[in-house]
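Undergrad: Quick one: sequence and predicted model below, then my questions.
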Amino acid sequence: MNNFEFYNPTRIVFGDGKISELGRLIPESAKVLILFGGESARKTGTLDEVERALGSRHFSLFGGIEANPRYETLIKAVDKIEKEGFDFLLAVGGGSVIDGVKFVAAAVNYPGDKWEVVTKGGTTIQTALPFGTVLTLPATGSEMNKGSVITREELQSKLAFMSDKVFPQFSILDPVKTYTLPPRQISNGVVDAFVHVIEQYLTYPVNAYVQDSFAEGLLRTLIDIGPKALETPRDYDIRANLMWTATLALNGLIGVGVPQDWSTHMLGHEITVLYGLDHAQTLAIVLPSMLLEKLPQKQTKLAQYAERVWGITNGNDQEKALKSIELTRQFFEAMNVGTHFSDYQLSSDVIEPLVKSLEAHNMVELGEHQDITLDVSRRVYTAAL
Ligand code: NZQ
Ligand code: ZN
C-alpha cells in the first residue's frame, strides 16, 4: 500500500425526514444564502421544507444553477454575497449545485481574478465561506468531498479544482428526496458512481486489500441495486443504499494509498463541454474503450475485477479481463446509458475537436502511468464511435 494522509471533516446526517435537523446544524445567528438549481427543488417541496427548518434565521435565495454549473451564473451569486453579506451557504440539489456552491464559497473575497480558483486547481484558495448541503441526487460524491467541476462557457472549459477549504460542513442525505428523480438521472447517478470506483480501483495492484474489498463491494452493490432503482422508484432501502454507495464511491476512502486513473473523466469532460452530453453519458462512452486500450497495463486488476465483481472464473487473465469489459458495457446499456458516440447522434467529426480541447486543457499525460497521450486519447475516442 502506498503512503497516504486521510482527512474528511464532513458530517453526514442520513435518513428520512432529516432536513428538519438544519436548525441544529446551522448557527442560530447565521445569515444564510440558499442556492439551488432549476425548478426541481421548488416543485418537489424540498425548498419549502428547508425554509421551514431554518426557523427565524435570516435567509435569501439564489436559484438557476444549471447542470454542469457555469462560472457565468455562479459569479452572480458571488456578487450578491459580497454586496449583501451572507455568512453561511446552503446548497440544495445535486452535484452541480454543490460544486457550484464550492466555487462560490471560495470565490467570495478571493483577491484577483476569481476564475483562478479553478485554473490554479484550488491551490490558491486561502479561505472559503462555510456551507452545508441538502443532497437530492445520488451520483457525484460532491456532498462529502473537496472537489468541484466548473464550466466556463465562453472559454469552452470544464475544469476541476480541489481544496480542503471546500469540504461541506455537513450534508443531509434523505433517500426519500430521490423519489422524484427522472429515470435518466438515476441511470446517470449509478454510472457516475460506478466509474468513480473504477477510476480508483482499476489500475495496478499495490496490495491495498481493504481498499480493493471496499471498491469491489461498492461495485457489486451498484450492479445489484442499479436496475432495481429504476424498476421500483419508491423502494426506500434501494434508494438509501444507492445514496450511501454514491457518497462512499468518492469521499476519499477507497482512493487512499492506491494509484488512481482519472483519464475517463478527463476525456468525458471535453465531450460535455463541446457537445452537451450528460456527465455520466460521456463516461459510459469513454470507459469501455479506455479499458480495452489499456488492457495490457490493467490486466491483473481487470482479472481480479472479473473474478470478484462479476464472478468470472473461466479462462486466463486476458480472457477474464475482456469478458469483464464486455459485462461493464452491458451493465451501462442495461441502465439505458449508451456506450457509443453514435447513440447520441455523434460521428467521427467530433474526434479532432475533442483532441484539440484536451490539448488546450493540457490533458496530455493522463492515467496511472501518465502514458495516455493525445494519440492514445484519439484512439480511445475513435474506438467509441
Ligand atoms: O436543475 P433542477 O431543476 O434542480 O434539476 C436537476 C438537474 O436538471 C435534476 N434534479 C436534481 N435533484 C432532483 C432533480 N430532479 C427531480 N428530483 C430531484 N430530487 O437533476 C438534473 C441533474 O442534476 P445535476 O446536479 O447536474 O446532476 P449530478 O448530481 O449528476 O451532477 C453532475 C455534475 O457533477 C460533476 C459533473 O461533472 C457535473 O457537472 N461532478 C462532480 C464531482 C465532484 N464534485 O466530486 C465528481 C463527478 O465526477 C462529477 O464530475
Ligand atoms: Zn463523475
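TA: Perfect, thanks for sending it. Numbers count the residues shown, from 1 in each chain. Ligands and ions are numbered 1, 2, ... in the order given.

Undergrad: Going by C-alpha atoms from here, please, whenever you check contacts or count neighbours.
TA: OK.

Undergrad: Find me the pLDDT at the closest residue to residue 153 other than its chain neighbours, would you?
TA: Spatial nearest neighbour of residue 153, chain neighbours left out: residue 70 (6.7 Å); criterion: C-alpha to C-alpha, 6 or more residues apart in numbering. Listed pLDDT for residue 70 reads 98.

Undergrad: how deep is residue 70 tucked in, by neighbour count?
TA: 20 (other C-alpha atoms under 10 Å).

Undergrad: ok, now residue 140?
TA: By the other C-alpha under 10 Å criterion, the neighbourhood of residue 140 contains 30 residues.

Undergrad: Let me know the secondary structure of it.
TA: coil (DSSP: H, G, I helix; E, B strand; the rest coil).

Undergrad: secondary structure element for residue 284?
TA: Per DSSP states H and E: residue 284 is located in helix 279-293.

Undergrad: Same question for residue 50.
TA: Here residue 50 is assigned to helix 46-53, by DSSP H and E.

Undergrad: which parts of the helix or strand just after that helix are buried?
TA: Next helix or strand after helix 46-53 toward the C-terminus (DSSP H and E): strand 58-62. Buried positions in strand 58-62, judged by neighbour count with 16 or more other C-alpha atoms under 10 Å: residue 59.

Undergrad: Show the average pLDDT along the helix holding residue 50.
TA: On average, the pLDDT along helix 46-53 is 98.

Undergrad: Any residues of this structure in contact with ligand 1? List them.
TA: 37-41, 66-68, 93-97, 99, 136-137, 139-142, 147-149, 177-178, 180-181, 185, 189, 279 (C-alpha under 6 Å from any ligand atom).

Undergrad: Just the buried residues of the residues you listed.
TA: Among the residues of the chain next to ligand 1, those classed as buried by 16+ other C-alpha under 10 Å are 37, 40-41, 67-68, 93-97, 99, 136-137, 139-142, 147-149, 177-178, 185, 189, 279.

Undergrad: Which members of those occur in helices, if any?
TA: The members of those that map onto helices under DSSP state H are 40, 41, 95, 96, 97, 99, 185, 189, 279.

Undergrad: what's the pLDDT at the fourth one?
TA: According to the predicted model, the pLDDT of residue 96 comes to 98.
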